[in-house]
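Novice: I'd like to go over a predicted model; first the sequence, then the structure.
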Amino acid sequence: MCPKSNDVVVPVNGGGAKYYLNSGCSLTLANQALGSNAYNAVAIGDFNNDGKPDVFTAARDAVSCTFINDLNTGASPFYEFTGNGSWSAPSNWNCNTTTPPTTIPSGRTITINGSGTTNLDIDQSLAAGSSLSIAASKTLQVANGNTLTNHGTLTNDGTFTNNGILKGSGTLVQNGTFTNSATGVIAPGASPGKLTVTGDLDLGSGTYLCEINGTGQGTTYDWLAVSGQATLTNATLTVDWGAFTPSAGDVFTLMTFGSRGGTTFGTVTIPAVAGLSFTTSYTGTAVSISAALLPVELTDFRATLTDEKNALLFWKTASETDNEGFEIQRSADGRDWQKIGFVAGHGTTLEAQDYSFIDEKPFSTHLGGCKGGCTNYYRLRQMDFDGASGFSKTVAVFMENTIARPRIFPTLTDGVVMIENNGEAVDEVSVFNVNGQMVMAAKQASQLDLSGLEAGIYFIKVFYGKNSLTERVFRK
C-alpha cells in the first residue's frame, strides 16, 4: 500500500532501507546538500504503470545519476544523452552507462540533452510506442551513411539535422529547426509506409525517396503527410518502382500538407516505363504523379550494326498526337544516359510513320574504347509540343573494338624509324635502352631519328588514346 499522500521520500542516510510501492505511487529523493559523499537508495514498484515491477535506483559518486530498471528485462526505460559528439560513446550517456539498444522498445524514451551536437553515427530504430526527444536548444544530427528509423514519436524542440536517412512509419513532432542536407534522404516506412510530420517541414536540398510497390497510399506506396507548411523548392523527388509496374490511369498522391511553401520540387526523377508518360501535379495541399499512355503509338524499335560499324536505329509509329519528335539517348551501362540526336515528329497523324537515326560514333569506335568491345544501349524520349514526354523500351547493339594498333618499322635501322597510325601522329613516344633508361622522347610523332644513338637494342613505347604499344628495334 502507498503511505500517506501516496509519496515516498528517500533520505540519503536511509540506512539501506528498501521501499515497496504499489501502482500509482510516486517516489522523491530528499532534497539535501549531498556534498561528494557516495550513497545508494532503492525502491520497488510499478513506476511506469505497465503492470510490471520496476526498481528505482538512485546513486551518487562524484555526480548525481538517476535511472530506472525494469526487473523483467533489466533494461532502462529512460536514456539521456548528456555529452558531446558520438552517439556510440558510452561516456556521452547519463551515468556513463552503456549506449541504448539499437532498437528502442515500446515504452522507452531517449532524451537528447547534450552539451554540444549529438552525432548519430550508428543505425538506430524506434519501435512503435517508444520516443526520442530533442530538448530545446539541443542538437541531433544523423550522420551521412547512417539511418534513423522512426516507428514511434520523435519530438524536435531543438535542432535536428538529417545528413543520412530518416525513415519509418511514426511521427515527427516538428517544433524546432529541421535541416535536410544535400545528402539527407526522407523515406517513409521501412518498406512502403506513412511518415507523419506534425508542424512545418522544409525538405531543404535533400531527397524525398518514394517507394511505390502498388496503388495503396501509405500501405503499398510511400506517403509523407505534413500537417503544416511543406517547402519543396530545392529538394529532389525520386521514385523507386521496385518490382511494381504501373498502369495507365494510376495516380499516386505521395505527399500531403496543410500548405505549400516555395514552388515545386527542384528535381523530379521517375524511372521510365515503356509505353507510359508521367505527370507530376501540385496543388495547395498535395503532390501526386499520374501515369498515362504515350500519345505516340510506337510499334517497333530496333538497333542494328552497319557494315561501316555504325549503329542504325529504326522505329515505327502507328499514330501520333501532338508529337514534337524523338530525342535519341545512348548509354554505356543502361543507367547513365546522354542525348546524341533529335528526329522531328509528324505532329498529329493517323498514318503510320517510319523513322531512322545513325549513330556514327558508338563507344567502341572511339580511340581508347572498350577492351574486346562494348554494348551500346539506346532509347527514345518522345516529346510533345506541350512539354510532356515519355521513354521507349531500351535496345542494344554490341560493338567489337575496332581500334587499330600503330605499326613501328623497320625494326632494324641505321637511323629513321617510322610510326604508322592510320595517318595520324601518336600522342607520345619514349625510347628506352636495355637498362630501362629513357634516352629519347617526343610528342605527336610519326617518325623517330635514332642516328644519334649508339648501336644496340632499344625499346620504343608509343601512347595512343588510352592504350600503349612497345616494340623492340635494333640500331645498326
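Specialist: Ah, there it is.

Novice: Spatially nearest residue to residue 432, not counting backbone neighbours?
Specialist: What sits nearest to residue 432 in space, not counting adjacent residues and going by Cβ to Cβ, 6 or more residues apart in numbering, is residue 459, at 4.6 Å. Glycine gets a C-beta too; all of them are placed from N, C-alpha and C.

Novice: Can you verify the one you found is assigned to a helix?
Specialist: No: inclusion of residue 459 in a helix is not indicated when DSSP: H, G, I helix; E, B strand; the rest coil is applied; the result is strand.

Novice: Surely it touches residue 475?
Specialist: No: under the criterion of Cβ atoms under 8 Å, residue 459 lies out of contact with residue 475, with a separation of 11.5 Å.

Novice: before we move on, back to that, check the spacing between the residue nearest to residue 432 and residue 352 real quick.
Specialist: Separation of residue 459 from residue 352 (Cβ to Cβ, to the nearest Å): 62 Å.

Novice: out of these two, which sits in the more crowded spot?
Specialist: Neighbours were tallied for residue 459 and for residue 352 using other Cβ atoms under 10 Å; the higher tally belongs to residue 459 (15 against 12).

Novice: Contacts only, for the more buried one.
Specialist: With contact set as Cβ atoms under 8 Å, 6 or more residues apart in numbering, residue 459 has these partners: 431, 432, 433, 434, 470, 471, 472, 473.

Novice: try 6 Å this time
Specialist: Contact analysis of residue 459 by Cβ atoms under 6 Å, 6 or more residues apart in numbering lists 432, 470, 472.

Novice: Show me what it is bridged to.
Specialist: For residue 459, the beta-bridge partners under DSSP bridges are residue 432, residue 472.

Novice: what comes up buried for stretch 102-112?
Specialist: Using 16 or more other Cβ atoms under 10 Å as the burial criterion, the residues of stretch 102-112 that qualify are 104, 105, 107, 108, 109, 110, 111, 112.

Novice: For the fifth one, list each beta-bridge partner.
Specialist: Counting by DSSP bridges, residue 109 is bridged to residue 78, residue 131.

Novice: Quick check: it touching residue 80?
Specialist: No: with contact defined as Cβ atoms under 6 Å, residue 109 does not count as touching residue 80 (8.9 Å).

Novice: what's the burial count for residue 135?
Specialist: In terms of burial, residue 135 registers 18 neighbours under the definition other Cβ under 10 Å.

Novice: just residue 265 next, same as before
Specialist: Residue 265 sits with 21 neighbouring residues when counted by other Cβ under 10 Å.

Novice: tell me which element it is part of?
Specialist: When elements are defined using DSSP states H and E, residue 265 is found to belong to no helix and no strand.

Novice: related to what we said a few turns ago, TSV for the contacts of residue 459, including distance to residue 262 and pLDDT?
Specialist: As requested, the contacts of residue 459 are exported to TSV (distance: Cβ to Cβ, whole Å; pLDDT from 0 to 100):
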residue	distance to residue 262	pLDDT
432	63	93
470	60	86
472	68	89
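
Novice: Now residue 295: closest residue in space that isn't a chain neighbour?
Specialist: Of all residues apart from its sequence neighbours, residue 321 sits closest to residue 295 (Cβ to Cβ, 6+ apart), at 4.1 Å.

Novice: The one you found - how many residues pack around it?
Specialist: Other residues within reach of residue 321, judged by other Cβ under 10 Å, total 15.

Novice: residues contacting the residue nearest the centre of the chain?
Specialist: Centre of the chain computed as the mean C-alpha position; nearest residue by Cα atoms, centre = their mean is residue 185, 6.5 Å away. In this structure, residue 185 makes contact with 165, 207, 209, judged by Cβ under 6 Å, 6+ apart.

Novice: Just give me the closest of those residues to residue 383.
Specialist: Within the contacts of residue 185, proximity to residue 383 (Cβ to Cβ) peaks at residue 207, which comes in at 26.0 Å.

Novice: Pairing partners for residue 311 in the sheet, please.
Specialist: Taking DSSP bridges, one finds residue 305, residue 359 as the beta-bridge partners of residue 311.

Novice: what does residue 142 give?
Specialist: According to DSSP bridges, beta-bridge pairing links residue 142 with residue 120, residue 162.

Novice: my guess is it meets residue 149, correct?
Specialist: No: taking Cβ under 6 Å as the contact criterion, residue 142 and residue 149 are not neighbours in contact, 10.6 Å apart.

Novice: The two: who's more crowded?
Specialist: For residue 142 versus residue 149, neighbours defined as other Cβ under 10 Å are more numerous around residue 142 (27 against 21).

Novice: How much space separates that one from residue 169?
Specialist: For residue 142, the distance to residue 169 (Cβ to Cβ) stands at 17 Å.

Novice: what's the answer for residue 137, then?
Specialist: Residue 137 sits 29 Å away from residue 169 when distances are taken as Cβ to Cβ.

Novice: which of those two has more neighbours?
Specialist: When residue 137 is set against residue 169 and neighbours are counted by other Cβ under 10 Å, the residue ahead is residue 169, at 21 against 10.

Novice: quick one: pLDDT of the nearest residue to the more buried one once chain neighbours are set aside?
Specialist: Take residue 169 and drop its neighbours on the chain: the residue closest to it by Cβ to Cβ, 6+ apart is residue 193, 3.9 Å away. In the prediction, the pLDDT value recorded for residue 193 is 95.

Novice: any idea how far residue 290 is from residue 193?
Specialist: For residue 193, the distance to residue 290 under the criterion Cβ to Cβ works out to 22 Å.

Novice: Which of the two has more residues huddled nearby?
Specialist: residue 193 (20 against 17).

Novice: my guess is the more buried one contacts residue 168, does it?
Specialist: No: with contact defined as Cβ under 6 Å, residue 193 does not reach residue 168; the gap is 7.3 Å.

Novice: So what's the model's average confidence on stretch 265-278?
Specialist: Regarding stretch 265-278, the rounded mean pLDDT is 87.

Novice: what does stretch 130-147 give?
Specialist: Along stretch 130-147, the predicted local confidence has a mean pLDDT of 95.

Novice: cool, stretch 112-121 as well?
Specialist: Taken as a whole, stretch 112-121 has a mean pLDDT of 92.
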